[in-house]
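>>> sequence and predicted structure are below.
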Amino acid sequence: MRSVQRSREAWGLPLASVCAIAFVACTHELVGPDATPDDAAAAPVFVDLSSLPYPALSTYRFFVGELDQLEPNTGVLPFAPINALFTDYAHKNRFVWMPAGAQASHVSDHEPLAFEEGTVLIKNFWYDNTAPDGERRIIETRLMFRRNGAWEFANYIWNPEQTEAYLDMDGAYLPIAWTDSEHGAMSTTYRIPSASECFTCHKVNTDPLPIGPKPRNLNVDMAYPDGTMNQLARWVQEGYLAPGFPSGIQATPDWMEASLPMVDRVRGYLDMQCAHCHSDERHCDYRPLRLAYQDTQDPANLGVCVLPDDPIDASVTHIVAAGDTTRSMMHLRLSSTDGAVRMPLLGRTLVHREGLALINEWISSLGPPCP
Amino acid sequence: MKPLFSITIALLSALPTLAQDNCASAVPITAGTYVVPAVNGNQVPSPICAPNGAGASAGEWYSYTPASNYTVTINTAIGALTDSRVHVYLGGCGALACVAGDDDSGVNNTAFLTFNVAAGFTYIIAFDNRWSSNGFTFSLTESPIVIPVFSFSPLTLPAASGSGQAAVDMNGDHLDDVVRITELQVTINHQQAGGGLVQTVFPTDTADTTPYWSLAAGDLDGNGYNDLLYAGGSATFMLANADATAYIENSQTEWIFCQRSNYVDINNDGHLDAFICHDVEPNVYYLNDGQGNLTYYQGGLGDTPDGGNYGSIWVDYDNDHDVDLFIAKCRGGVGPANIDQLHRNNGDGTWTEVAALMNLADNQQSWSSAWGDYDNDGDMDVLQGASSFTNGGHKLMRNDGSTFTNVTVGSGFDNHGGQSIEWITHDFDNDGWLDVLGGGKLLRNNGDMTFSMHTVTPTNGPVGDLDNDGYLDIVNGGTVYMNALTGNNWLKVTLEGTVSNTNGIGARVEVVTQSGTQIRDIRSGDGFRYMSTLNAHFGLGQDSDVDQVIVYWPSGIVDVIDMPAINGTVHVIEGLSTGVTAVTPEATLSTYPNPAETVLYLSSSLPLRNAIATVLNTAGQPVLRSVLREATLDITGLAPGVYVLQVEQEGTWLQERFVKR
């Protein structure tokens, strides 16, 4: 298992990180018959499958204390894939919860774990330092839950007061402005997806499917309140993952890890940004790219010197024109914000500058020129 | 003719030429091979005659005055394979006008350009550094002149934000204009009555979405001026004011993953509605009540839960003179979303999906389809052009009335390796046979359901007649590729609805000549993305007369114009032609029983088989339409009341009143 620990999105919100650890430690003790009235919020997670999705996020009791602190309740386990999908620079954290006795099992290193009935995947999206008051603003919380042997979606939009999030399957737009140290003042009209947008990326053929929790994405250390530990090992320890899966799971290369070979970083980046559509039986499998990590040892699957089905722009000659970003469809797609040109089509309105820089650097490094 | 150089001799004889930094110092050349040490001249070639727009900062200039008429080839792949680009002008340095240009037609993105020249004219040849300032060697060769099958000359429009997305009339003169759009403005190059395109920028309120997926145009509010529909992440209507001097933004709130959009009168109430393909849900549409109200609907016209709807096209495939809906569909993986659909208009507000019945339920990955009467036998055939070959290639499907027959093998489309999201049909050479533009090629219809492939410079874009010469032009970005062919006769038919929608969208137009009958459907929105002319355009080949123009309006009204002048435009106002009341006096129609309850029996002195029966209510609105296979009409679905039965057969119109019990 991979043991290199690296900095990644903290599962507890930065503003609350110190007290978060302390509080979570407490909740383990407080869940039980001796809980005092003050600790009512720490009642166990409440998932009644027949009543899902609830109208309000708080009903699940995934989080204890003030809802906007996103402090996980007992059994709500944080996780973080090695690479994260870019979503207009929104911060995210993710949790998994399973009912008693349920556990996931390994299918293959590169397929999502097989989850059991009642499992819920939880993902929060927020921005820090938002205009006008510099506050953190949680936008949405997306759930996928397993019912009747299939995945279903539930999306919750947070109210401006940040006291509750309400079920919304129609999607919405939210203008938002924020400042971060790397990019300065930023703004966009953030898209909260509808159910059909969720499904467009989260599926195989016509069956909904999670993207992130694949063994090779989870095979990395994470800082937990009680110490740092490999995530897969932690899942096993929590009873959330059946032990006995094959050893030697190859971790997906971290695209931000500058010490790794560039092509590995590119493969890791494209895997998370693109492979949910550009793989067999996915939304865009009729295009030649195959961008899942296990497929991209072959440069042709990365589009190197592959002709585009449709050039979109006459100046584009190849999906990746070796040595020439300006003639490369991949560069055009990743550098565009036009709704019909950008890639991914869904989930971003801004250019991911750091990702684009990596792709450009890689394309420029390739040679000789495509014939 | 001068001897052609072999490569070896050409290299040996290549002359390093002196500085040719601008047009005024252009170095005169003749056929031969020349070295350009570097592209660093101070005059940047303009206008841009080659694809791929601005971005150059230097040029190299030559002049060439042929002694005879030639077909000339400029090839930059002689030595180093530099990514070069070339422009060819006439008109002198003070008034350079594009003749031809090329960017990437040679190997490794070198320029390779073939064009025709006339003796004694001086052509300016300029290279730029759009992609590279490195030097290269080029050859200019002269060959006996070959008249091209297709030929387009680039005309660069004045710069404007946005890319050319429509070639359609915007100011009510039925001359096509060019439309470019951003979220803050509509730029229109209005075609002038005397020729020329005059650019005007109309600032607009901020559109909630731009037409980044598709654009449609039509006169939504019936004021005589076309309105726009921006289909992106939602729908924005941009409505021409009372004299088309401003555009009023009307953005709708519904989130839609738009693909192809169309204006069409879905419920045949005389007011255009807006239809939008939804990529990931059932299709949506806005019904227009004619009072300024648009009402959003989802469902009933392509209800695959996860969509896959890319290319909607409204076509009368069954010749019953109402519009049916074909949807080119695409989707990765296994599921129903990539199976094309054909929604038959039952004429009574209901629709039946009949793609499988008609042999068109194809899971081929397609974003658009080109519908036209390719064999001129009186019904609409379809080229199901592939966007990807993963689920099968292009399919040419011949309309045989009761089914469509796959006639791809040997048609030329079986050998067409190009793929594209855009597939459209027009008669680009005016020979009377519909050609196809798609997959990076222009396919000429040979007149026998076979097509020959030709490479042309413009790729897919909006199509219209932008110089009113009767030959259709193609817009790419900020360049109009003017059709440079001449010699065939033509006829344009423009429509003005009075009972039907003002554009006559959904009308069937027939032109009868000695060669036979050609048909067109008036469509707002074909192909995938662009908006092409709303005028019906007919090439006539060498036919010198048109016997009749017949317009079947969505209202059921038929106009017939006899012997219109050719090589011009016939403007047809609904109901004003002589044909409307041309009921043959001797012919009779009777119905029984009367009142009738379920079946109406018809009797006529005319043959009724294949006649078109339309039932009108007392408001004159069609409530039932059917092609008669026998002399009966099922009226079970009609509400009790008084109706008029209208039967049209071979240009003859008969009416009879009946009562439904």
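Thanks, I have the structure now. Residues are numbered from 1 along each chain as shown, chains lettered A, B, ... in the order given.

>>> for chain B, what lies in contact range of chain A?
Proximity of chain B to chain A is confined to B:51-53, B:103-104, B:107-109, B:131, B:209-210, B:212-213, B:232-233, B:255, B:257, B:279-281, B:306-307, B:330-335, B:337, B:365, B:387-388, B:390-391, B:419-421, B:459, B:476, B:529 under the rule CB under 8 Å from any CB of the partner chain. Every residue, glycine included, has its C-beta placed from N, CA and C.

>>> would you show me how to pick out the buried ones of these in PyMOL?
Applying 16 or more other CB atoms under 10 Å in any protein chain shown to these, the buried members can be selected in PyMOL as follows:
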select buried, chain B and resi 51+52+53+103+104+108+109+131+209+210+212+213+232+233+255+257+279+280+281+306+307+330+331+332+333+335+337+365+387+388+390+391+419+420+421+459+476+529
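
>>> check the gap between the residue of the stretch 451-600 of chain B found nearest chain A and B:Tyr530 for me.
Closest to chain A within the stretch 451-600 of chain B is B:Thr459: 6.2 Å, counting by CB to the nearest CB. From B:Thr459 across to B:Tyr530, the span is 11 Å (CB to CB, to the nearest Å).

>>> ok, B:Asn345 next?
Taken as CB to CB, the span from B:Asn345 to B:Tyr530 is 25 Å.

>>> who has more neighbours out of the two?
Neighbours were counted for B:Asn345 and for B:Tyr530 using other CB atoms under 10 Å in any protein chain shown; B:Tyr530 has more, 27 against 23.

>>> name all residues that make contact with the residue of the stretch 451-600 of chain B closest to chain A.
A:314, B:51, B:440, B:476 (CB atoms under 8 Å, 6 or more residues apart in numbering or on different chains).

>>> got the phi and psi for it?
phi -100, psi -170 (degrees, to the nearest 10).

>>> so B:Asp414 sits in a strand?
No: using DSSP: H, G, I helix; E, B strand; the rest coil, the assignment for B:Asp414 is helix, not a strand.

>>> and it, what's its pLDDT?
B:Asp414 carries a pLDDT value of 97.

>>> next one: B:Val580
37.

>>> who touches residue 86 in this structure?
Reading this off chain A. So A:Phe86 contacts A:273, A:347-348, A:352, A:355 (CB under 8 Å, 6+ apart).

>>> actually it's chain B I care about, not the one you picked
Contacts of B:Val86 by CB under 8 Å, 6+ apart are B:50, B:74, B:76, B:101-102, B:111, B:113, B:125-127, B:138.

>>> hmm, 10 Å instead?
B:45, B:49-50, B:60, B:62, B:74-76, B:100-103, B:105, B:110-113, B:125-128, B:138 (CB atoms under 10 Å, 6 or more residues apart in numbering or on different chains).

>>> name the nearest residue to B:Thr598, sequence neighbours excluded.
B:Thr636 (5.0 Å; CB to CB, 6 or more residues apart in numbering or on different chains).

>>> how is chain A partitioned into domains?
Residue ranges for the domains of chain A, per automatic domain parsing: A:8-237, A:262-365.

>>> dump those to a markdown table, plus mean pLDDT.
Shown next, in a markdown table, are the domains of chain A (pLDDT from 0 to 100):
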| stretch | mean pLDDT |
| --- | --- |
| domain A:8-237 | 88 |
| domain A:262-365 | 96 |
